[in-house]
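> next come a sequence and a model predicted from it.
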Amino acid sequence: MPSRAPILITGGAGYIGSHTYVALLEAGFLPVILDNFSRCKPGVLTRLQAITGQPVVCYGGNVSDVVLVQELLRQHKFGAVIHMAGFKSVGESVAHPLSYVENNIGGMTALLRAMETSSCRTLVFSSSATVYGDPPAAPITEDFPRSHTNPYGMTKLACEDLLSAMRAAAPAWRIGVLRYFNPVGAHASGLIGEDPTGTPNNLMPFVAQVAAGQRAYLSVHGVDYDTPDGTGVRDYIHVQDLAQAHVAAVKALLEGEESFTVNVGTGQGHSVLEVTKAFERASGQAIPYRLAPRRPGDVAQYCADCGLAQKLLGWRAKHSLADMCADTWRWQRDNPNGYDA
Ligand code: UDP
């Protein structure tokens, strides 16, 4: 299948979806968004149009609506589907496990049902490093044991297993599973970025709001981990690099690559204090912080081995921690309240 193939992005109006939309278009594909806007705002669409200079093709609707997805598949004859529509908050999943099962596993099941009735059997799935549970070592390779410690992780694990079962049942499926590490950053234009609702749970958007003066200080959760400075270490990856990983995954599958599961990170870990210092340099703002107890369920260190993604997809991350901070800061500074609508 040549480039110019139409590609469906479920959850395409979200943080990662919107950046992937731009990257696909730049790579010559014709991305189409399906999103129910339960966790993002329609304002992103005018920003996408401003970046790309082209009208955005977006359907408001639910991936669980099999009839709707069947109709989209029939109408657009997609070369591939990128399935990103899913809830992603660990804390929320602990409070509302059924919603996570319904939305994440139910959404995946419905999508596969719809795809089965079409000729499209090519799928890229947004999985997560959370499937490694509490990893025994770093860097993490794809053959590490998988486990889960919360309902969110359970849904990612279940979806991965469902996809394996689909491949085993019908070899025509070509499925690329991307295990994201910690996506951060924003588009260099400053027009799109992460727009969390309420208090951000994740480190980078929280730090950005402290730098902007919207929050008084950062709580550093845990200073006694077995890491060089005692704070948690993560493999942060620029969302633009992550978007390129989706383009590489789609290309590889359309060019006949077998199904694969790969880590998507940089291979470099950074501690909470390192991120804080890097953000101070990028923003020129002081980031006051206080030492706080560990967050329940947090692990000391997550860092990817990205060799397989490079080997199979010819992809590797290019942006540094300084780039991630600079781009997050530009987005935060220019859009203090995220998307207006
Ligand atoms: N973290 C922190 N303060 C915050 C948010 C996060 O110290 O307000 C720490 C957290 O304990 C972890 C790291 O920052 O060590 C990354 O947390 P995040 O939630 O962004 O990613 P995850 O833990 O899900 O990989």
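Received it, and whenever you're ready, just let me know what you need.
> span of stretch 143-161 from start to end?
Criterion C-alpha to C-alpha, to the nearest Å; first-to-last residue distance in stretch 143-161 is 14 Å.
> mind listing what's buried along it?
144, 146, 148-160 (16 or more other C-beta atoms under 10 Å). C-betas here are computed from N, CA, C, even on glycine.
> where's the dip in pLDDT among those?
The member of these with the lowest pLDDT is Thr149, at 86.
> isn't it up against Asp134?
Yes - when contacts are counted by C-beta atoms under 8 Å, Thr149 is listed as touching Asp134 (6.9 Å).
> please identify which helix or strand holds Gly28.
Using DSSP states H and E, no element contains Gly28; it sits outside every helix and strand.
> residue ranges with poor pLDDT in the protein?
1-3 (pLDDT under 70).
> for Arg39, see how far away Gly193 is.
Distance of Gly193 to Arg39, given as C-beta to C-beta, to the nearest Å: 15 Å.
> for these two, indicate the residue with more neighbours.
Between Gly193 and Arg39, Gly193 has the larger neighbour count (other C-beta atoms under 10 Å), namely 27 against 19.
> show me what contacts that one?
Residues near Gly193 by C-beta atoms under 8 Å, 6 or more residues apart in numbering: Tyr15, Gly185, Ala186, His187, Asp327, Thr328, Trp331, Gln332, Asn335, Gly338.
> and Phe125, that one's in a strand?
Yes - counting by DSSP: H, G, I helix; E, B strand; the rest coil, Phe125 falls inside a strand.
> what sits against the residue in the chain that the ligand sits nearest to?
Closest contact between the chain and the ligand, by C-beta to the nearest ligand atom, is at Gly232 (2.1 Å). When contacts are counted by C-beta under 8 Å, 6+ apart, Gly232 touches His221, Gly222, Tyr225, Ser271, Val272, Asp298, Val299, Ala300, Gln301.
> can I assume the fifth one is in contact with Thr231?
This means Val272. Yes - contact criterion C-beta under 8 Å: Val272 and Thr231 qualify, at 3.8 Å.
> hey, what's in contact with both of those two?
Joint contacts of Val272 and Thr231 (C-beta under 8 Å, 6+ apart) are Val220.
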